[in-house]
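# Following is a predicted model, sequence given first.
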Amino acid sequence: MSPPLSLTLHGAAHGAVQILGALSFSVAPRETVAITGASGAGKTTLLRIIAGLHRGWSGELRLQGRLAMVFQEPVLLPWRTALQNICLATGASLAEGEAALASVDLAAKSGAYPDQLSLGQQRRLSLARAFATKPDVLLLDEAFVSLDAALADEIMSLFERLRDRHDVATVLVTHDAAEAARLATRIVVLSGQPARIVTG
Ligand SMILES: Nc1ncnc2c1ncn2[C@@H]1O[C@H](COP(=O)(O)OP(=O)(O)OP(=O)(O)O)[C@@H](O)[C@H]1O
């Protein structure tokens, strides 16, 4: 069976500046690949290529099934409650939305609006919404940064619990070596200009 995600990149640029060189990788179901590398190496650009959010690249991307992405800043509808943020975005029923909230310990906040939630709660809501789409491929862009250590640990545990319930292939971008070592089954390191995979 072919993997849910495989990418063969000839190169990628922002305008005239070549950011990424030739590289390729694929991710199998239940695998978590961490993309690491120095600031500016092109990690987010690589993730945005996979998500279809960056146009300046050539190569071949094969994606099978549904894709969900969690951004560094939670992207939530401010005028909708936590429950509506899940149901409207994913097509989940109210019962499924409630279950998704419970899976990230937010059952008591279903009627709260995003600005009534802490950053940690907004992150948990984003994670719940991503998993509520039942994704085959999940992309996480620095989803655990800007949180204190205890909160980051708690949200990583929630992610691990949700991931282990789904046959999802995950690609996460992080500059945090400890986070990569904890969460990833494989670590891909980007380096150079244009960047290539130096380990992975
Ligand atoms: N919209 C843009 N227009 C022009 N250049 C860009 C744009 N977005 C990113 N870049 C440049 O592309 C390079 C790679 O950026 P990218 O955000 O992919 O790196 P990164 O590895 O994710 O960095 P960081 O760890 O700091 O978030 C950087 O040199 C950056 O300045």
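In hand now; what should we look at? Just so we're clear, the structure is a prediction, and the values are computed from it rather than from any experiment.
# elements contacting the longest strand seen in the chain?
Across the chain, the longest stretch assigned as strand under DSSP state E is strand 5-14. Helices and strands touching strand 5-14, by 3 or more CB pairs under 8 Å, 6 or more residues apart in numbering; DSSP states H and E, are strand 17-20, strand 23-27, helix 43-51, strand 57-63. Just so you know, the C-beta spots here come from the backbone N, C-alpha and C atoms, and that holds for glycine as well.
# In the chain, what residue spans correspond to helices?
With DSSP state H as the criterion, the chain has helices at 43-51, 82-90, 94-103, 119-132, 149-165, 177-183.
# so what does the last one touch, helix or strand wise?
So the one you mean is helix 177-183. Short answer (3+ CB pairs under 8 Å, 6+ apart): helix 177-183 packs on strand 32-37, helix 149-165, strand 169-173.
# Single out the most deeply packed of the ones you listed.
Most buried of those, by mean neighbour count (mean count of other CB atoms under 10 Å): strand 169-173, with a mean of 25.
# Residues touching that strand, excluding its own?
Residues from elsewhere that reach strand 169-173 (CB atoms under 8 Å, 6 or more residues apart in numbering): 3-5, 27-36, 43-44, 46-47, 50, 136-143, 163, 179-180, 183-184.
# Might one say that Ala92 is in contact with Ile86?
Yes - Ala92 is within contact range of Ile86, at 5.8 Å (criterion: CB atoms under 8 Å).
# can you tell me how far Gly192 sits from Ala132?
38 Å (CB to CB, to the nearest Å).
# do Ile86 as well
5 Å.
# Could you give the bridge partners of the residue most central in space within the chain?
Nearest residue to the geometric centre of the chain (CA atoms, centre = their mean): Leu140, 1.6 Å. Counting by DSSP bridges, Leu140 is bridged to Val70, Leu172.
# Over to Val189?
Going by DSSP bridges, Val189 forms beta bridges with Thr36, Thr199.
# and it, what does it touch?
Residues counted as contacts of Val189 (CB under 8 Å, 6+ apart) are Thr36, Gly37, Ile197, Val198, Thr199, Gly200.
# Which residue in those has the weakest pLDDT?
Ranked by pLDDT, those bottom out at Gly200 (63).
# on that earlier part again, could you point out which of the helices of the chain sits nearest the ligand?
Set against the ligand and scored by CB to the nearest ligand atom, the helices of the chain come closest in helix 43-51, at 3.3 Å.
# how close does Ser93 get to Asp136?
Ser93 is 21 Å from Asp136, where distance means CB to CB.
# re the thing from before, and the contacts of Val189, which is closest to the ligand?
Out of the contacts of Val189, the member with the shortest distance to the ligand (by CB to the nearest ligand atom) is Gly37, at 5.7 Å.
# can you list the domain ranges for the chain.
The record's domain parsing of the chain by the TED database lists 1-66+135-199, 74-134.
# Rebuild those as TSV, extending it with distance to the ligand.
Shown next, in TSV, are these (distance: least, CB to the nearest ligand atom, whole Å):
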stretch	distance to the ligand
domain 1-66+135-199	3
domain 74-134	17
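# Just the endpoints, please. Distance across stretch 175-190?
11 Å (CA to CA, to the nearest Å).
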